[in-house]
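Undergrad: compute the structure for the input listed below.
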Amino acid sequence: MLSPFCFADCRLLSSVTFEQGSRLQTIGSHAFSECISLQSIVIPKSVEDLGESCFFQCRLSSVSFEQGSCLQTIGSHAFSECISLRSIVIPKGVEELGEGCFVLCSALTSVTFERGSRLRRLPQGTFANCSQQLQVILHPDGKSLSLQQLAQGWQR
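TA: Numbers count the residues shown, from 1 in each chain. Just a heads-up that it's a prediction; the model follows:
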C-alpha cells in the first residue's frame with residue numbers, strides 16, 4: 001500500500017514508475033494530491049483501490065492502467081481538479097466510483113468504460129464542471145450519456 005499523503009504536495013515530482021510485476025494493491029488517500037508536476041502515470045494491474053483524492057489537483061494529462069487491471073474502486077475526488085486530463089479508459093473491473101471523482105476536470109472530453117464493465121452506478125456530480133464536450137461511453141452497449149444525465153447520476 002502507498003500510505004495516505006505519502007507524496008502529497010511534492011510539487012517537483014514529475015515521474016512515477018512502478019516496478020515490473022508490482023504487487024501494490026492500494027494507492028492511499030491523497031497519496032499524490034497536489035503533485036502539480038506529475039503529468040502521466042501507469043497504474044499497475046495489481047492495484048485494486050485508488051483512495052480518496054489520490055490524484056487531486058495533479059496536472060496529469062495521461063492516466064492509464066496496465067492490461068488485466070484488477071482495479072475495483074476509484075475513491076471520491078480521486079482525479080478531481082486534474083485540469084490537464086483529456087481522456088481516460090476505466091478498467092472493466094471497476095464497480096464503484098466515489099462522489100466527485102472527476103469534478104473540475106475542465107479538459108476532460110472522453111471517458112470510456114471497458115467492455116464488460118461491472119460499474120453499477122455513477123454518483124450524482126461525478127463529472128461536475130467538466131468540459132461541455134464531455135462524452136461518457138458505457139459498455140457493453142456503447143451507450144453515451146448526456147451532460148444532463150451525468151448531472152443527475154446514473155444507475156444500471
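Undergrad: ends of stretch 22-32, what's the gap?
TA: 18 Å (Cα to Cα, to the nearest Å).
Undergrad: which parts of that stretch are buried?
TA: 26, 27, 28, 29, 30, 31, 32 (16 or more other Cβ atoms under 10 Å). For the C-beta atoms, the positions are set from N, CA and C on the backbone; glycine is no exception.
Undergrad: with stretch 124-138 instead?
TA: Quick answer for stretch 124-138 (16+ other Cβ under 10 Å): 125, 126, 127, 128, 130, 134, 136, 137, 138.
Undergrad: so the fourth one sits right up against residue 100, yeah?
TA: Yes: applying Cβ atoms under 8 Å, one finds residue 128 in contact with residue 100, separated by 6.7 Å.
Undergrad: for the closest residue in space to residue 15 that isn't next to it in sequence, give me its contacts.
TA: Nearest non-adjacent residue to residue 15, counting by Cβ to Cβ, 6 or more residues apart in numbering: residue 38, 7.6 Å away. Contacts here follow Cβ atoms under 8 Å, 6 or more residues apart in numbering; on that basis residue 38 touches 13, 14, 15, 16, 32, 55, 58, 59, 60.
Undergrad: low-confidence stretches in the protein?
TA: Counting by pLDDT under 70, the chain contains low-confidence ranges at 139-143, 145-156.
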